[in-house]
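Peer 1: I would like the atomic coordinates for the input below:
(chains A, B, C and D)
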2 protein chains.
Amino acid sequence: MTPVETVACCSPLSQDPLSREVAERIAPLLKALADPVRLRLLSLVASHADGEACVCDLNDAFDLSQPTISHHLKVLHEVGLLDREKRGVWVYYRVNAAALSDLGALLGRVAG
Amino acid sequence: MTPVETVACCSPLSQDPLSREVAERIAPLLKALADPVRLRLLSLVASHADGEACVCDLNDAFDLSQPTISHHLKVLHEVGLLDREKRGVWVYYRVNAAALSDLGALLGRVAG
DNA sequence: CGTAGATATCGATGATTGTCGATATGTGGC
DNA sequence: GCCACATATCGACAATCATCGATATCTACG
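Peer 2: Numbers count the residues shown, from 1 in each chain, chains lettered A, B, ... in the order given. Alright, predicted model coming up:
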């Protein structure tokens, strides 16, 4: 079961104690989010027109090397928070909105 | 402005691009959450009767040394996710539910 | 006071991580 | 085929982190 699948199936944090197994599957998701650059990347992609953004746009938004941005995008993609689509020479990312909202619900939202 | 205050004042991730400053204030909150032990600790405290838990109970729930649990509780306390109260020899922690729900809203809320 | 028990702090250590420059891979145009 | 360009991977390095044992601090009770 992937982190993203796990987060979709659980009652909120405050309702029942998390098992060790579930906690260990969810933590990587939060770890992926727990970096200022990745937070901004996710936010940039999410708020971009058409809900997708080209890597070329993202690179320009940071004072970081291209490999570094690529690395952060990979981290977000691997945990399932960003979907990846290659069109020609360019790569477009879009957020997995369901995963993000499931994660939000797990943390603190009042009702699903 | 503390991480917890920051998280309460922002529009959701997907609505507007996060500024560098805001992202850097929110990331520590997520970093505090992004550990399986701390996730379980938070969940244990949150789902405990009366919404609070004594450290002595928490220690027993893990196969980790007492200093290690103490360290994790400190991390959660320092970012404002856990409140701390000493009563006699014992220390009780309770979750800052508002902070947790603000964080959830920041991540995944559907509409403002 | 002195002792016992609960919790926190300290210092060390192995593992993980963010970043970079160099380089590889893939794509479209000539 | 070759070149320019967009993106990814690799290897290295400094910084951060989770964990531990040892020890300090605090509190209640004789």
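
Peer 1: please make it C-alpha for all contacts and neighbour counts, starting now.
Peer 2: Will do.

Peer 1: contacting residues for the residue nearest the centre of chain A?
Peer 2: Nearest to the mean C-alpha position of chain A, by CA atoms, centre = their mean, lies residue A:81 at 2.8 Å. Counting by CA atoms under 8 Å, 6 or more residues apart in numbering or on different chains, residue A:81 makes contact with A:4, A:29, A:95-97, A:99-100.

Peer 1: likewise for residue A:65?
Peer 2: Residue A:65 touches residue A:59, counting by CA under 8 Å, 6+ apart.

Peer 1: mean confidence for the helix or strand residue A:59 falls within?
Peer 2: Of the helices and strands defined by DSSP states H and E, residue A:59 is found in helix A:55-60. Averaged across helix A:55-60, the pLDDT comes to 96.

Peer 1: check whether stretch A:24-31 comes near DNA strand D.
Peer 2: No. Stretch A:24-31 is not in contact with DNA strand D by CA under 7 Å from any atom of the strand; minimum separation 9.2 Å.

Peer 1: list the buried residues of that stretch.
Peer 2: A:24-31 (16 or more other CA atoms under 10 Å in any protein chain shown).

Peer 1: contacts for that stretch?
Peer 2: By CA under 8 Å, 6+ apart, stretch A:24-31 touches A:2-4, A:6-7, A:79, A:81, B:30-31, B:33-36, B:39.

Peer 1: with just CA atoms, put that stretch into CSV.
Peer 2: Extracted C-alpha coordinates of stretch A:24-31, given in CSV (Å, rounded to 0.1, in the frame of the first residue of the first chain):
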residue,chain,number,x,y,z
GLU,A,24,5.6,4.5,8.8
ARG,A,25,3.7,4.7,5.6
ILE,A,26,2.4,8.2,6.1
ALA,A,27,5.6,9.8,7.4
PRO,A,28,7.3,9.8,4.0
LEU,A,29,4.5,11.8,2.6
LEU,A,30,4.9,14.5,5.3
LYS,A,31,8.7,14.3,5.0
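
Peer 1: please enumerate the helices of chain A.
Peer 2: A:3-8, A:20-33, A:36-46, A:55-60, A:66-78, A:97-107 (DSSP state H).

Peer 1: follow-up on the earlier one: list just the nearest of the buried residues of stretch A:24-31 to DNA strand D.
Peer 2: residue A:31 (9.2 Å; CA to the nearest atom of the strand).

Peer 1: rewinding a little: tell me which of the helices of chain A sits nearest to residue B:105.
Peer 2: With CA to CA as the criterion, residue B:105 lies closest to helix A:97-107 of these, at 6.1 Å.

Peer 1: quick one: average confidence on the closest one?
Peer 2: 91.

Peer 1: which bits of chain A sit near DNA strand C?
Peer 2: Going by CA under 7 Å from any atom of the strand, the residues of chain A near DNA strand C are A:31-32, A:34-35, A:37, A:63-68, A:71-72, A:87-89.
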